[in-house]
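J.: My questions concern the predicted model and sequence given below.
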Amino acid sequence: MGILDLGSGDEKVRKADAKKFLTPGYSTSGHVELYTISVERGMSWEEVDCSLQTSPKSIFFLVYRPNTGKQLKLEDVPSDDAVAHWLEQYTSSADTCTHAYWRGNCKKAGLGLVCEVGLRCRTYYVLCGSVLSVWTKVEGVLASVSGTNVKMQIVRLRTEDGQRIVGLIIPANCVSPLVNLLSTSDQSQQLAVQQQQIWQQHHPQSITNFNNA
């Protein structure tokens, strides 16, 4: 599906959580990490106050919306009584989609699914690290949940604290089964590492001979 860039514009990208899993290979250096990324793309009224710039020669403004941030099209802004409406939509758009906000209901949400249309706060799950070592597992989970129509998407992001992350987006409904699968693999690898360390402690001469060879 191509590459999705986050953190290169006005959105605020924050790493909310991280889970680390050992991957096959009996090495503590081989691992994958599943990041929970929170993206805030909206704009508070306090930020609006700091950003308003007007020109006596123009009646048009660069518009920032509470839920989707800066707009590309210049618009004529009528009056100052937009504040209350701005605050209302800014607060609501944290967890209420555009359909529910304007129509009072959302067909997708009514089916128990997550709708993120118009949300200012969005969550992405990103798998990075030695992804190729668990690629078959990831494909299996995505296929079991999404069927044969599996679409992979790479994300490239930069967090507020300057960390750069490149990884594979995991759909929200695939996170739980993938975590369960990776946790089982992680436990197996940790056990294998422990057994290898015990063997090395009891056979130091073998390691010395191997290194000399």
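T.: Looks like it arrived, so ask away.
J.: For Ile37, see how far away the residue nearest the centre of the chain is.
T.: The centroid of the chain falls nearest to Tyr124 when counting by C-alpha atoms, centre = their mean (2.4 Å). Distance of Tyr124 to Ile37, computed by C-beta to C-beta, to the nearest Å: 4 Å. C-betas here are computed from N, CA, C, even on glycine.
J.: what sits in contact with each of these two?
T.: Common contact partners of Tyr124 and Ile37 (C-beta atoms under 8 Å, 6 or more residues apart in numbering): Leu6.
J.: returning to that earlier point: was I right about the residue nearest to the centre of the chain contacting Ile169?
T.: Yes. The pair Tyr124 and Ile169 qualifies as a contact (C-beta atoms under 8 Å) at a distance of 6.0 Å.
J.: quick one: common contacting residues for the two?
T.: Common contacts of Tyr124 and Ile169 (C-beta under 8 Å, 6+ apart): Val155.
J.: where's the residue nearest to the centre of the chain relative to Ser93, distance?
T.: 17 Å.
J.: What of Leu62?
T.: 20 Å.
J.: same check, this time on Gln189
T.: 42 Å.
J.: domain assignment for the chain?
T.: 1-39+125-212, 43-119 (the TED database).
J.: in the chain, which helix or strand is least confident?
T.: Ranked by mean pLDDT, DSSP states H and E, the weakest helix or strand in the chain is helix 204-212, scoring a mean of 56.
J.: And for Cys106, the neighbour number?
T.: Burial of Cys106 is recorded as 18 neighbouring residues (other C-beta atoms under 10 Å).
J.: list the contacts for it?
T.: Cys97, His99, Ala100, Cys115.
J.: Now it. Its backbone dihedrals?
T.: phi -140, psi 130 (degrees, to the nearest 10).
J.: Now do the same contact list for Ser144.
T.: So Ser144 contacts Pro177 (C-beta under 8 Å, 6+ apart).
J.: For Leu182, what is the enclosing helix or strand?
T.: helix 172-202 (DSSP states H and E).
J.: Looking at Leu62 and Ser93, which is more packed in?
T.: Higher neighbour count among Leu62 and Ser93: Ser93, with 21 against 14, using other C-beta under 10 Å.
J.: Assess the claim that the more buried one and His85 are in contact.
T.: No. Checked against C-beta under 8 Å, the pair Ser93 and His85 is beyond contact range at 12.0 Å.
J.: Can you classify the residue nearest to the centre of the chain by secondary structure?
T.: The local conformation at Tyr124, judged by DSSP: H, G, I helix; E, B strand; the rest coil, is strand.
J.: Which one of the domains of the chain has the poorest average confidence?
T.: Among those, domain 43-119 carries the lowest mean pLDDT, a mean of 78.
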